[in-house]
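Asker: fold the following and give me the result.
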Amino acid sequence: MNLFEAVKESVSPRQIADYYGLQVRNDMVSCLFHEDRNPSMKLYDDHIYCFGCGKHGDVTDMVGELFGLSPKEAAEKIAHDFGISYDKQHGEYKPSKDSVIAKIKREQENAKKNHAFKVLCDYFHLLRDWRIEYAPKSADEPLNPLFIKALIETDHIDNLIDCFISGSNPHAHILLTMRPIDDKGKWQAKTQKEYLCKRGDEERGFTAAEFKTAQADGWEKQYQYKVDKKKLYMIPTEAEQQGYERVSKNPKSTRYGRQNPICAEWNSEEQVLRWRKAWEGVTNKALEQNSIDARVDCRSFKECGIDEQPTIHEGVSAHIIEQRGGVSERCEMNRQIKADNALLLEIKKQIKKLSAIVVDKVKKTVLDFANTLENLRNRYIFNRYEITQNENISTELKQYNTTIDVTVQRYNGIVQQLDNKITELKKMKAEQKHLNPIHIFRHKELTEHIDKTEKEIKKLQNLKSAFLDKMSCKSEKDIPQYKALHIKNDDIIIEIAANNTELEKQCADDKAEFISIKKSIPSEDMVAVQAERYTIHDEYTKSNIQKLQEKYGRKYSYDIYKDVEADVNMELHEKPFSILMRLEKNKQRNTDHNHTKYRNHEQER
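Answerer: Residues are numbered from 1 along each chain as shown. Alright, predicted model coming up:
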């Protein structure tokens, strides 16, 4: 079995998601391969599939995308984290007995077993206390219900504990009524029928008693009526007006009706927590009254932060066996648990000493990697931003040059038209001057043409002045300066292109160096490096933005910066740091959970 086969056979996508801190909901997680607001990637037993982007893959694809690793590096990281070792004798990979999967299963089994022991043992002790506390003081005293309950169930619970030790699966079903009783001693309903009534466009639910009052306010029940080939819910008033036939006598109602408030409170999680808290108070009060230092806690083991393996209740029978010179399975188990806890405590001390030595070296290496990657990434973003701004400036200059060309061309056209009109006017005035007075009609015609031409000349002169103002020229002598702007802009465009070429080369070098350094980081250190990068990320980003603001002033654009940053992250295969931090927190929490062992608060009596 090669590395990839061993990894795929030993570790499921769900285990990868749980171990590396992905939030799983109904075997769905947010897709790792595209920006995903709602979970769209399905975790199957042996593969993954995203219904959003259509990505299909396996556990190596998941880890590779999470930490930016190649398929081989991802498989090696999974093998390292989940204890899949290489068997030199057989030349293949196989899961280790001490693999993470085995540890998780053992811890889950121990947690369930210890929780069952805790519940049974605590209840056994409570029953035993009731037998003493509520025992009748005389023959005429009525029996307390708790005393009767203790007499009936004490031996039964003790037998359940014995069965549990022998390997069976003891459990109990406690049946309690869900129906309250009214002040007259009659059973109340758990739920009431709730009819969906309408008044105009408004729809509201009413019970039968409420509907009697609501009916007077114009509310009507809805029934099914046959409309063409369909059956639709309508109120009788509306249906009768349209002549529809009613096909059902049952009015429209809610699916589950309206629950009795007393039943809802009785069956709520809040009520369970109140009962557990009350049980904790009663038990601890009894322990205090009997000068016993031990205390019980109604909170879960996780909330208590217990990290030792709990001992089990030994019981009277186990102590009798030990007193007779035998070996009780329960007592032997507790001795082994105590030895394990002592060994665990010693191991923790040694690990703490070694960690103090290793952490300094590792932390320094991790910090160096993080600083180098962040420096390269932010320099890449800075250069990319500068390239984008240069391209925008170059585009604006080209557009301005086009405006110059068009403006000058139109101005020259107007000047040419003006010259033609002036020449034409001079000819008509000369002809009119030498015209014989007897040619009355020709004289009149010339006069009209002269007036019209003078108006056109006036209009062209105004248009010429407007174009001179547009070109910021006082006279025609300033037009060469305006044309010179075109040449100056061309020089700037050439300079920008040369500068962008240098920046592109620098970006390519930074990208290659970034990817090379990231690949050189050991897979087991990648999470720590990414977490450290998150810590210093904001500082580097603020510094980068400040430099850009100082260089570009008011022309700096935050929107352009965010677009450039997103493009750079895509080119460098970077995840958003909000996701990285969430992964790191979940990873740390998951690691702590996998190394936590539950214990109960029961003390040996």
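
Asker: what about residue 37, which SS state?
Answerer: coil (DSSP: H, G, I helix; E, B strand; the rest coil).

Asker: what's around the residue lying closest to it once chain neighbours are set aside, how many residues?
Answerer: Computed as Cβ to Cβ, 6 or more residues apart in numbering, the closest residue to residue 37 that is not its neighbour in sequence is residue 30, at 7.8 Å. To be clear about C-beta, it is placed using only N, CA and C from the backbone, and glycine gets the same treatment. Around residue 30 there are 20 other residues, counting by other Cβ atoms under 10 Å.

Asker: show me what the host helix or strand of residue 285 is packed against.
Answerer: Under the criterion DSSP states H and E, the helix or strand holding residue 285 is helix 269-289. In terms of contacts (3 or more Cβ pairs under 8 Å, 6 or more residues apart in numbering; DSSP states H and E), helix 269-289 is packed against helix 100-133.

Asker: show the subsequent helix or strand relative to the helix it packs on.
Answerer: Going down the chain from helix 100-133, the next helix or strand is helix 145-165, by DSSP H and E.

Asker: mind giving me the packing neighbours of that following helix?
Answerer: helix 100-133, helix 315-323.

Asker: which stretch in these has the least confidence?
Answerer: Of all these, helix 315-323 carries the lowest average pLDDT, namely a mean of 67.

Asker: tell me the contacts of the residue lying farthest from the centre of the chain?
Answerer: When distances to the mean C-alpha position of the chain are computed (Cα atoms, centre = their mean), the maximum falls on residue 438, with 99.8 Å. For residue 438, no residue meets the contact criterion (Cβ atoms under 8 Å, 6 or more residues apart in numbering).

Asker: where's the closest residue to residue 379 other than its chain neighbours, which helix or strand?
Answerer: The shortest distance from residue 379 to any non-neighbouring residue, by Cβ to Cβ, 6+ apart, is to residue 510 (5.7 Å). Following DSSP H and E, the helix or strand that holds residue 510 is helix 479-520.

Asker: any idea which helix or strand comes after that helix?
Answerer: helix 526-552.

Asker: next helix or strand past that following helix?
Answerer: Taking DSSP H and E as the definition, the helix or strand that follows helix 526-552 towards the C-terminus is helix 558-571.

Asker: next, the buried residues of that following helix.
Answerer: Residues 560, 561, 564, 565, 568 are the ones in helix 558-571 that count as buried (16 or more other Cβ atoms under 10 Å).

Asker: show me which pair in these is furthest apart.
Answerer: Comparing every pair within the buried residues of helix 558-571 by Cβ to Cβ identifies 560 and 568 as the most remote, at 12.4 Å.

Asker: for residue 5, grab the count of nearby residues.
Answerer: Per other Cβ under 10 Å, the neighbour tally for residue 5 reads 12.

Asker: mind checking what secondary structure it has?
Answerer: Look at residue 5: counting by three-state DSSP, its state is helix.

Asker: what's the spacing between it and residue 13?
Answerer: Residue 5 is 16 Å from residue 13, where distance means Cβ to Cβ, to the nearest Å.

Asker: try residue 217
Answerer: Using Cβ to Cβ, one gets 57 Å for the distance from residue 217 to residue 13.

Asker: who's more crowded, these two?
Answerer: Residue environment comparison for residue 217 versus residue 13 gives the larger neighbour count to residue 13, 26 against 7, counting by other Cβ under 10 Å.

Asker: surely residue 69 is in a helix?
Answerer: No - under three-state DSSP, residue 69 falls outside any helix and is assigned coil.

Asker: make 369 the starting number, not 1.
Answerer: All right, first residue 369 from here; so that's residue 437.

Asker: so it is in contact with residue 894, correct?
Answerer: Yes - under the criterion of Cβ atoms under 8 Å, residue 437 makes contact with residue 894 at 7.4 Å.

Asker: list residues touching both of those two?
Answerer: residue 445.

Asker: tell me how far the one helix or strand residue 787 maps to lies from the chain's centre.
Answerer: Taking DSSP H and E as the definition, residue 787 sits inside helix 697-801. Taking Cα atoms, centre = their mean, to the nearest Å, the mean C-alpha location of helix 697-801 is offset from the chain mean by 25 Å.

Asker: show me what the mean pLDDT comes to for it.
Answerer: Taken as a whole, helix 697-801 carries a mean pLDDT of 84.

Asker: now the angle between helix 513-533 and it, please.
Answerer: For the pair helix 697-801 and helix 513-533, the angle between their directions (axes from the mean of the first three to the mean of the last three Cα atoms, to 10 degrees) equals 90 degrees.

Asker: helix 697-801 packs against which elements?
Answerer: Packed against helix 697-801, as judged by 3+ Cβ pairs under 8 Å, 6+ apart, are the following elements: helix 683-691, helix 808-838, helix 847-888, helix 894-920, helix 926-939.

Asker: now for the third one, which elements pack on it?
Answerer: Helices and strands in packing contact with helix 847-888 are listed as helix 697-801; criterion 3+ Cβ pairs under 8 Å, 6+ apart.

Asker: run a quick neighbour tally on residue 551.
Answerer: Residue 551 has 5 neighbouring residues, counting by other Cβ under 10 Å.

Asker: so what pLDDT did it get?
Answerer: Taken from the predicted model, the pLDDT recorded for residue 551 is 83.

Asker: which residues does it contact?
Answerer: Residues near residue 551 by Cβ under 8 Å, 6+ apart: none.

Asker: check residue 858 too.
Answerer: By Cβ under 8 Å, 6+ apart, the neighbours of residue 858 are residue 769.

Asker: separation between it and residue 851?
Answerer: According to Cβ to Cβ, residue 858 and residue 851 sit 12 Å apart.

Asker: care to break this structure down by domain?
Answerer: Annotated domains of the chain cover 371-466, 470-533, 559-627 [automatic domain parsing].
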